[in-house]
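J.: Here you go, sequence then predicted model.
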Amino acid sequence: MYKEYVAGLIAHTTKYFEGSPQIRIWDEDRMLSFSDGIRTYEFHPNEQVEHWVYISEGVGLLEPELLHPHEYIISSDHSNGEHAELIAMLAFLISTRKRLFHIGETIDIGRPWIAGSSMSRLLVSTPYPYGPKLENAEICGRPLSLIWLLPIHDREQGFLASDGLEALEAKFDSNAIEFLDPNRASVV
């Protein structure tokens, strides 16, 4: 099943991004013995997308009984190996909590998502910049969702907790956030 899953995921993502990814593996992987099957696709900017995109491979197989697995997307304005580390960290968190992260949840990563940024949380979100053509796939006869990990500020996470996802997304829209900017201001 693994080979078919990977082939389906690569076919889906390369069709969307109109190019093949570079495979990234977090090689500082001292604590993640299970992560041999967790890799990260790095898509370079091209005519389709003008920034770097990182997509997990294998996270959706950590819970094989799930009828609707997820893989995760990270967007960046530059190539950065830290994104493969974030994917490996996410896989570790999923394996220890025994469930996927769903839209509207946040992940405290314990450090800036990129060196020098003040954002240390990831909002699990609909992949708005990419649309449903990337978000929704069918692989091995099952639906698969590609879910976006959007870096956010602690204050934005607090606003999410008190006012909800729709209110936070409305703030993002009204402030026209530059989601690739590691130094963007908080919207609250």
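T.: Cool, the structure landed. Residues are numbered from 1 along each chain as shown.
J.: what pairs with the residue most central in space within the chain across the strands?
T.: For the chain, Ile73 is the residue whose C-alpha lies nearest the centre (C-alpha atoms, centre = their mean; 2.8 Å). Beta-bridge pairing for Ile73 (DSSP bridges): Ile55, Trp148.
J.: what residues are up against it?
T.: Ile73 sits next to Val53, Tyr54, Ile55, Ser56, Pro127, Tyr130, Leu134, Leu146, Ile147, Trp148, Leu149 when contact means C-beta atoms under 8 Å, 6 or more residues apart in numbering. Yep, even glycine has a C-beta here, placed from its N, CA and C like the rest.
J.: what do you get if the cut-off is 7 Å, keeping everything else the same?
T.: Contact analysis of Ile73 by C-beta atoms under 7 Å, 6 or more residues apart in numbering lists Val53, Tyr54, Ile55, Pro127, Leu146, Ile147, Trp148, Leu149.
J.: what do you get for Asn175?
T.: Val187.
J.: and the gap between it and Tyr130?
T.: To Tyr130, Asn175 is 20 Å away according to C-beta to C-beta, to the nearest Å.
J.: what's next to stretch 1-13, contact-wise?
T.: Counting by C-beta under 7 Å, 6+ apart, Pro21, Gly37, Tyr41, Ile55, Glu57, Leu61, Glu71, Ala137, Ile139, Cys140 sit against stretch 1-13.
J.: can you rerun that using 6 Å?
T.: With contacts defined as C-beta atoms under 6 Å, 6 or more residues apart in numbering, stretch 1-13 is touched by Ile55, Glu57, Ala137, Ile139, Cys140.
J.: tell me which residues of the lowest-mean-pLDDT helix or strand in the chain are tucked away?
T.: Every helix and strand of the chain was ranked by mean pLDDT, DSSP states H and E. The lowest is helix 82-97, at a mean of 84. Within helix 82-97, the residues that count as buried by 16 or more other C-beta atoms under 10 Å are 82-92, 94-95.
J.: and after it, which helix or strand comes next?
T.: Next in sequence after helix 82-97, counting helices and strands by DSSP states H and E, comes strand 106-108.
J.: Helices of the chain, residue ranges please.
T.: 2-17, 82-97, 132-135, 154-163, 165-174 (DSSP state H).
J.: now the fourth one and helix 165-174, what's the angle there?
T.: Regarding helix 154-163 and helix 165-174, their directions subtend 130 degrees when assessed with axes from the mean of the first three to the mean of the last three C-alpha atoms, to 10 degrees.
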